[in-house]
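Visitor: what would the 3D arrangement of this be:
(2 chains)
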Amino acid sequence: MVLTAMLPRLLTPGSARRSASVTARNITALKPAYWLVMLGGFLEPVLYLFSIGVGVGALIGDITLPGGQVVDYAVFVAPAMLAASAMSGALSETTFNFFGKMKYWRLYEGVLATPVRPVEIAMGELTWAMMRGNVYSAAFLAIMVAMGLTTPLRALAAFPATILVGFAFGALGMAVSTTLRGWQDFDVINVGQFALFLFSGTFVPATAYPVVLRWLVEVTPLYRAVDLIRGVTTGTAGAGQAVDVVYLLALLAAGLAITGRRMERQLCR
Amino acid sequence: MTSLIHARGLVKRFDGFTAVAGIDVDVQAGEAFGFLGPNGAGKSSTMRMIGCVSPPTEGTLEILGLDPRRDGPAIRARLGVCPQTDNLDPELTVRENLTTYARFFGIPRRTARARADELLEFVQLTERADARVEPLSGGMKRRVTIARALVNEPDIVLLDEPTTGLDPQARHLVWERLFRLKKQGVTLVLTTHYMDEAEQLCDRLVVMDGGRIAAEGSPRDLIERYSTREVVELRFATEDQSAYADKLDGIAERVEVLPDRVLLYTDDGDAALAEAQGRALAPASALVRRSSLEDVFLHLTGRTLVD
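Guide: Coordinates of the predicted model:
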């Protein structure tokens, strides 16, 4: 929790306004072609939901949740797709785009010549990534309600949870981006992201794995995100979900602090 | 009067490499001050420290009476920075580049827009206001970058090699605009390795070499101190110009032999040339010219190529 304690010290009066100006830059840069990119990001989890949740789900039938409730397989998979979409929405903005702006366009060198500080750039970019991720999440939740995979009230409660998930992954993505050497490293991120997507209790409960593997799965961030959102959309949230929230908040704080520090070291030499 | 920029024993080291090796600088309000030097002399490192994006390793640095280590954001709010390589936002139009930049300073939207229009007029880019930045020529991008540096009405404008890579027309336009700024009382701090640029713009300058200050003064002072009033350039129709060095002995204050010509540093070029011709030395070509800052620069920093 050292990092969580450090964060307030990095923020000064005016930080919020300055971060907002970085977010505003991205809104200004928003061009019509961007909607196409967004459509792709939105469709991906929807396609998974239909092919695996509904399609494969027809073969599997019902599944038992850790709490003992028996639900339809699609009900089990849908929140995982939602969490994964919040993750990928946040990551696409904070890895590829963030890296491009920092190292390729040298955009932040210009920004840092103004009163805006590195950590404020990080927060501004994160907020922007969230705006994009939130659109995905809201649309996906609407689909879940329409398909009867959750209730409207639970969907409403799940929305802030997806925001937290997005923030945490966005901060993680930026921190990772500051360590990348070149575009080739994105392959590593893609593989990592896909592995998380497959093995985070998304399609199969973590309890299905041998103990050691299960333990490994349960410390990954996407597992925590899936566990949190699934708890909310299936109405089974309990103490485990409190752990998830703390975990994701810590990830957010650490990611931001590390990003701010590393940007400062790289750009303000 | 207190100086806007005050540095004493300023040092910048990167992993054991010393870029700036202890310099003393004072820049007064309203002055146009230049850092001259070959590549690697430490000019850009000094500019980055003054721009509060690079913490000094050692020494005292005060900008606008504030300490960059503590008051970075407050100082940067009053600086305008035009970096060596343009880092305009390729996703924005020319005008959006200025208005967005203004937002980083907390300038209200309406003011930002008015100021952007004014500045585009100033750098003669009004017609390109709604164009993307990418297809613009190097000279136009430079002018946008200069306009962007002025969007917060800075007390000090830092220009790192403002005209490097520009064609003559673009260079003269930039000089003319910078000269206007100077007239308006804006303090300019620039780096350059163009001697004509330094002579055109700077009231006072320092010549840097190997991270140190080799000389300081006005362009005129420096020429008087480190060169002679005039220079005679002689080219002899022979492979080895140095064969003539002895024969020219005593004609000028200093004789410098280059691979392709011999330079005579003297206060009276015509007399020196007449004397050379009197010694029955017949150069293939002879040119008498006034000494320039370039002579000072080469004298102080050497003719060896530094990369």
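Visitor: now A:Ala113: how far from B:Leu178?
Guide: Distance of A:Ala113 to B:Leu178, computed by CB to CB, to the nearest Å: 18 Å. In this view, the C-beta of every residue, glycine as well, is placed from N, C-alpha and C.
Visitor: up against chain A, what does the stretch 201-307 of chain B have?
Guide: Within the stretch 201-307 of chain B, no position is adjacent to chain A by CB under 8 Å from any CB of the partner chain.
Visitor: the stretch 201-307 of chain B: strands as residue ranges?
Guide: Along the stretch 201-307 of chain B, the segments classed as strands by DSSP state E, counting those that start in this stretch run B:204-209, B:212-217, B:230-235, B:254-257, B:262-266, B:285-290.
Visitor: could I get these in a markdown table, plus columns for mean neighbour count?
Guide: Below are the strands of the stretch 201-307 of chain B laid out as a markdown table (neighbours: other CB atoms under 10 Å in any protein chain shown):
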| stretch | mean neighbour count |
| --- | --- |
| strand B:204-209 | 23 |
| strand B:212-217 | 18 |
| strand B:230-235 | 21 |
| strand B:254-257 | 16 |
| strand B:262-266 | 22 |
| strand B:285-290 | 14 |
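Visitor: so what's the residue count around the closest residue to chain A within the stretch 151-300 of chain B?
Guide: Nearest to chain A, among the residues of the stretch 151-300 of chain B, is B:Asn152, at 7.6 Å (CB to the nearest CB). Other residues within reach of B:Asn152, judged by other CB atoms under 10 Å in any protein chain shown, total 22.
Visitor: these two touch, right, it and B:Val81?
Guide: No: between B:Asn152 and B:Val81 there is no contact under CB atoms under 8 Å: 10.1 Å.
Visitor: in chain A, which helix or strand is least confident?
Guide: Ranked by mean pLDDT, DSSP states H and E, the helix or strand of chain A with the weakest confidence is helix A:2-10, at a mean of 54.
Visitor: and for the helix or strand following it, what's in contact with it?
Guide: Counting by DSSP states H and E, the next helix or strand C-terminal to helix A:2-10 is helix A:15-29. Residues outside helix A:15-29 that contact it (CB atoms under 8 Å, 6 or more residues apart in numbering or on different chains): A:111, A:115-117, A:119-121, A:123-125, A:127-128, A:131, B:89, B:91-92, B:96, B:99-100, B:103-104, B:106.
Visitor: of those, just the buried ones, ChimeraX syntax please.
Guide: If you want just the buried ones from the contacts of helix A:15-29 in ChimeraX, going by 16 or more other CB atoms under 10 Å in any protein chain shown, the selection is:
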select /A:111,115,116,117,119,120,121,123,124,125,127,128 /B:89,91,92,96,99,100,103,104,106
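Visitor: go through the contacts of helix A:15-29 and flag which are in helices.
Guide: Taking DSSP state H, the ones among the contacts of helix A:15-29 that sit in helices are A:111, A:119-121, A:123-125, A:127-128, A:131, B:96, B:99-100, B:103-104.
Visitor: which residues does residue 111 contact?
Guide: Picking chain A for this. A:Val111 sits in contact with A:22, A:121, B:104, where contact means CB under 8 Å, 6+ apart.
Visitor: that's the wrong chain, I meant chain B
Guide: B:Ala102.
Visitor: relative to chain A, how far out is it?
Guide: 14 Å (CB to the nearest CB, to the nearest Å).
Visitor: where's that residue, which helix or strand?
Guide: Element membership for B:Thr111, per DSSP H and E: helix B:109-122.
Visitor: can you tell me the average pLDDT over that helix?
Guide: Averaged across helix B:109-122, pLDDT comes to 96.
Visitor: buried residues in the next helix or strand after that helix?
Guide: Later in the chain than helix B:109-122, the nearest helix or strand by DSSP H and E is helix B:138-149. In terms of neighbour count (16+ other CB under 10 Å), helix B:138-149 has its buried residues at B:139-149.
Visitor: is the helix or strand just after helix B:138-149 anywhere near chain A?
Guide: With elements assigned by DSSP H and E, the helix or strand that comes after helix B:138-149 is strand B:156-160. No: residues of strand B:156-160 contacting chain A under CB under 8 Å from any CB: none, with a closest distance of 8.5 Å.
Visitor: low-scoring pLDDT stretches of the chain, where are they?
Guide: You didn't say which chain, so I picked chain A. A:1-10 (pLDDT under 70).
Visitor: that answer is for a different chain, and I need it for chain B
Guide: B:1, B:303-307.
Visitor: and it, what are its domains?
Guide: Domain assignment of chain B by automatic domain parsing yields the ranges B:5-223, B:228-290.
Visitor: so can I have CSV of those domains showing distance to A:Phe50?
Guide: Formatted as CSV, these follow (distance: least, CB to CB, whole Å):
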stretch, distance to A:Phe50
domain B:5-223, 34
domain B:228-290, 77
